[in-house]
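In: need a 3D model of the following:
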Amino acid sequence: MTAAPRHGVSKGPVGGAVGRREGGRTDGGAAAVVGAFADRYGERPDGVWAAPGRVNLIGEHTDYNDGFCLPMALPVAARVAARRRPDGLLRLHSAQAGGAGTELGTAALAPGTVPGWARYPAGVVWALKEAGHRVGGADVYVDSTVPTGAGLSSSAALSCAVAAAYDGLYGLDLPGPETARLAQRAEHVFAGVPCGIMDQMASVCATPGAALHLDTRTLVHRPVPFDPTVHGLGLLVLDTRVAHDLADGAYAALRAGCERAAALLGLPALRDLPAAGLPAALTRLPPELAPLVRHVVTENARVAEAVALLDAGDVPALGPVLTAGHASLRDDYRVSCAETDLAVDTALAAGALGARMTGGGFGGCVIALVPADRSTAVTAAVTTAFRAAGHAPPAVLPGDPSAGARRVW
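Out: Residues are numbered from 1 along each chain as shown. Presented below is the predicted three-dimensional model:
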């Protein structure tokens, strides 16, 4: 087998290629993935790459409207151990999927030909080849701690981790935004998921201790300081463990509704409607589209407000912005559900400064900005409320702003 480069070129997770270990540090979960790869394939991998899940502080359903958002990466991540192959075969195994794995010929990859979870890594290889990058096969082993169905972008984490691995294996030196675009194309075209670009940009370009202010039209982005602990606060990520079946179809319908509204208003995208023009615009729209437009325009304004507060160091004032965002998602966009509403209302009653559902909706996670000394009480209150309503208790994930895609071994 042709020797693969031991290290890809890297300029870090923001604004440069991904692929090299940062400062020689290794990821705590990398050793287990190396061992699992060796058990599966009989040799050690050429490297291990990780890409995180994300949570969005504010700016929901704005990305496919060319708008603005403020996501951050989480400590949970997809880890990919990989070894380059010279024969064009792509062999895929997942710790979560189990079974015999999947073997594909990279030359024959085409949208709609790969089922299940394997369509995400296969789609990345297809997207790289479609973009003109000279890449071939690989042995790939995946182990992810990003919960599926929680609205934390487990699929984007997987796609971005595989993209980072291929960047390292084949020395592509891809800039962060290009990596995100390729991962999005893999999901959108190959896997058939009409996602925006926010998830992939957060997974690739996020930095520790900061949220990512992202213009989804231009992909201009910058870190915005976000460290709640400095202010005696914490960010709880409450996974309701609910994933309603209507989410996929409803997501596509919402996106189509926004595109129709923009066309009726003569705009390239709803991002181009200024807040001052919203009242007049609403009178020109059919009743079913007006609430969608109101949410997108006001949500973009909430992103601007949140960024201004964080730049000024006023993290506590972010709370009411989060709560207002939830009300808009619940009442105008109608992507909340009984479980996420219950989690938000209970967290606020127990002392949270602000709370909202995050992600595509119809279940998934709620974030709550809480005083550190109220964290246990808020968690307990939400757990008690869920049990009283007959729901399984939510899981609590760490809400620490973390690094984007990187080599970890």
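In: ok, longest strand in this structure?
Out: Of all the segments of type strand in the chain, defined by DSSP state E, the longest one is strand 71-85.
In: could you point out the helix or strand that follows whatever helix or strand Val204 lives in?
Out: If you go by DSSP states H and E, Val204 is part of helix 198-205. Sequence-wise, the next helix or strand downstream of helix 198-205 (DSSP H and E) is strand 210-215.
In: residues in contact with Ala161?
Out: The neighbourhood of Ala161, defined by CB atoms under 8 Å, 6 or more residues apart in numbering, consists of Trp49, Ala50, Ala51, Ala77, Ala78, Arg79, Val80, Val142, Ala405. Bear in mind the C-beta positions are built from the backbone N, C-alpha and C, glycine included.
In: please redo it, this time with the cut-off set to 10 Å
Out: 18, 48-52, 77-82, 120-121, 124, 140, 142-144, 146, 183, 203-204, 405-406, 408 (CB atoms under 10 Å, 6 or more residues apart in numbering).
In: now it: how far from Pro225?
Out: For Ala161, the distance to Pro225 equals 26 Å [CB to CB, to the nearest Å].
In: what is the neighbour count of His93?
Out: By other CB atoms under 10 Å, 23 other residues sit near His93.
In: out of everything not next to it in sequence, what's closest to it?
Out: Once flanking residues are discounted, His93 sits nearest to Gly101: 4.0 Å by CB to CB, 6 or more residues apart in numbering.
In: so Glu178, which state does it fall into?
Out: Glu178 carries the three-state label helix when classified by DSSP: H, G, I helix; E, B strand; the rest coil.
In: ok, it - contacts?
Out: Ala17, Ala131, Ala163, Asp167, Leu172, Val204, Leu219.
In: from these, which single one is nearest Gly234?
Out: Closest approach to Gly234 among the contacts of Glu178 (CB to CB): Val204, at 25.6 Å.
In: residues in contact with that closest one?
Out: Val204 sits next to 13-14, 18, 51-52, 73, 156, 159-161, 163-164, 174-183, 212, 404-406 when contact means CB under 10 Å, 6+ apart.
In: ok, it to Val125 distance?
Out: Distance from Val204 to Val125, counting by CB to CB: 17 Å.
In: sort out which residues of the lowest-mean-pLDDT helix or strand in the chain are buried, please.
Out: Ranked by mean pLDDT, DSSP states H and E, the helix or strand of the chain with the weakest confidence is helix 247-264, at a mean of 89. If you call a residue buried by 16 or more other CB atoms under 10 Å, then helix 247-264 has these buried ones: Ala247, Ala250, Tyr251, Leu254, Arg255, Gly257, Cys258, Ala261, Ala262.
In: columns distance to Ser94 on top of the residues you listed, output as JSON lines?
Out: Formatted as JSON lines, the buried residues of helix 247-264 follow (distance: CB to CB, whole Å):
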{"residue": "Ala247", "distance to Ser94": "22"}
{"residue": "Ala250", "distance to Ser94": "27"}
{"residue": "Tyr251", "distance to Ser94": "24"}
{"residue": "Leu254", "distance to Ser94": "30"}
{"residue": "Arg255", "distance to Ser94": "28"}
{"residue": "Gly257", "distance to Ser94": "35"}
{"residue": "Cys258", "distance to Ser94": "34"}
{"residue": "Ala261", "distance to Ser94": "39"}
{"residue": "Ala262", "distance to Ser94": "38"}
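In: between these, which sits nearest Leu282?
Out: Distance to Leu282 across the buried residues of helix 247-264 (CB to CB) is lowest for Ala261, with 9.9 Å.
In: report the contact partners of the most centrally placed residue in the chain.
Out: Relative to the mean C-alpha position of the chain, the nearest C-alpha, by CA atoms, centre = their mean, is the one of Asp199, at 3.2 Å. For Asp199, the contacting residues are 53-54, 56, 63, 69, 71, 151-157, 159-160, 180, 183-184, 187, 359-360, by CB under 10 Å, 6+ apart.
In: out of those, which sit inside strands?
Out: Short answer: those in strands (DSSP E) are Gly53, Arg54, Asn56, Cys69, Pro71.
In: quick one: which of those is nearest to Asn300?
Out: Distances from Asn300 to the ones in strands among the contacts of Asp199, taken by CB to CB, are shortest for Cys69, at 8.8 Å.
In: who's the closest one bridged to?
Out: The bridge-partner assignment for Cys69, based on DSSP bridges, gives Leu214.
In: what pLDDT does the residue nearest to Pro401 when sequence neighbours are not counted get?
Out: Of all residues not flanking Pro401 in the chain, Met72 sits nearest, at 4.4 Å (CB to CB, 6+ apart). Per-residue pLDDT puts Met72 at 97.
In: tell me the contacts of Met72?
Out: Residues near Met72 by CB under 10 Å, 6+ apart: 52, 54-57, 202, 206-212, 223-224, 226, 235, 367, 399-402, 404.
In: drop anything exposed from those residues.
Out: Using 16+ other CB under 10 Å as the burial test, the contacts of Met72 include 52, 54-57, 202, 206-208, 210-212, 223-224, 226, 235, 367, 399-402, 404 as buried.
In: which outside residues touch the helix or strand where Thr376 lies?
Out: When elements are assigned from DSSP H and E, Thr376 belongs to helix 375-388. Contacts with helix 375-388, where a contact means CB under 10 Å, 6+ apart, come from 233-236, 238, 240-242, 339, 342-352, 355, 366, 368-371, 374, 391-394, 396.
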